[in-house]
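Asker: Sequence first, predicted model second:
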Amino acid sequence: MTASATVPSPILSIAPITDHDVAAVVTLWQACGLTRPWNDPTADIALARRGPNSAVLLGRDGSAIVATAMVGHDGHRGWVYYVAVDPNRQGKGLGRIIMAAAEDWLREAGVPKLQLLVRRENAKASAFYQTIGYEESTSVMLAKWLDGREPTP
């Protein structure tokens, strides 16, 4: 490649998850280290698909699912979870594309603010979000299990 050559920017087809996609999406989330023993990703997908205030968006390169974002809102604040990019395709702009799709989905719903959570130990994810305009909030997140589980780290 010469110095004047350009690398084509990735284009993904973005669409909501279908029943047929669930197993492949869970596999991608596991490959990206997003799942935890106390959260059932299949149940999370089912819950997100129940109503009009949430969705699971997929980024496809041909037929391959290479990026995801679960997006939802309460009418004012939007949230994004399970942002994943195939580990073999990271660093190629796919995270930016799927996050732009999540932001567009929330804008179309009239939601003015997007929030997301990043585990403290995930410096790579924090750095990525900062490169696309996210800032650390001054709020402290508190949590409580309502099903009787013990607190987890």
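Answerer: Now that the structure is in, tell me what you want to look at. Numbering: from 1, shown residues only.

Asker: Not counting its own residues, what contacts the longest helix belonging to the chain?
Answerer: Criterion DSSP state H: the longest helix present in the chain is helix 94-108. For helix 94-108, the surrounding residues in contact (CB atoms under 8 Å, 6 or more residues apart in numbering) are 10-12, 14, 55, 57, 59, 66-69, 71, 73, 78, 80, 83, 85-86, 114, 128, 132. Every C-beta, even on glycine, is put in place using the N, C-alpha and C of the backbone.

Asker: Now, of the residues you listed, which are buried?
Answerer: Restricting those to buried positions leaves 12, 14, 55, 57, 59, 66-69, 71, 73, 78, 80, 83, 85-86, 114, 128, with burial counted as 16 or more other CB atoms under 10 Å.

Asker: Of the residues you listed, which belong to strands?
Answerer: 14, 55, 57, 59, 66-69, 71, 73, 78, 80, 83, 85, 114 (DSSP state E).

Asker: farthest pair in the residues you listed?
Answerer: Between all members of these, the longest pairwise span (CB to CB) is found for Val66 and His73 and amounts to 24.8 Å.

Asker: In the chain, where is pLDDT below threshold?
Answerer: 1-9, 151-153 (pLDDT under 70).

Asker: what about 80?
Answerer: When the per-residue scores of the chain are filtered using pLDDT under 80, the ranges that remain are 1-10, 148-153.

Asker: Let's check: the centremost residue of it is which one?
Answerer: Taking CA atoms, centre = their mean as the criterion, Val83 is the residue nearest the geometric centre of the chain, at 2.1 Å.

Asker: residue contacts, that one?
Answerer: 68-69, 95, 98-99, 102, 116, 125.

Asker: could you redo the last one with a cut-off of 7 Å?
Answerer: For Val83, the residues meeting the contact criterion (CB atoms under 7 Å, 6 or more residues apart in numbering) are 69, 95, 98-99.

Asker: By neighbour count, which of those residues wins?
Answerer: Each of these was scored by neighbour count (other CB atoms under 10 Å); the top score is that of Ala69, with 26 neighbours.
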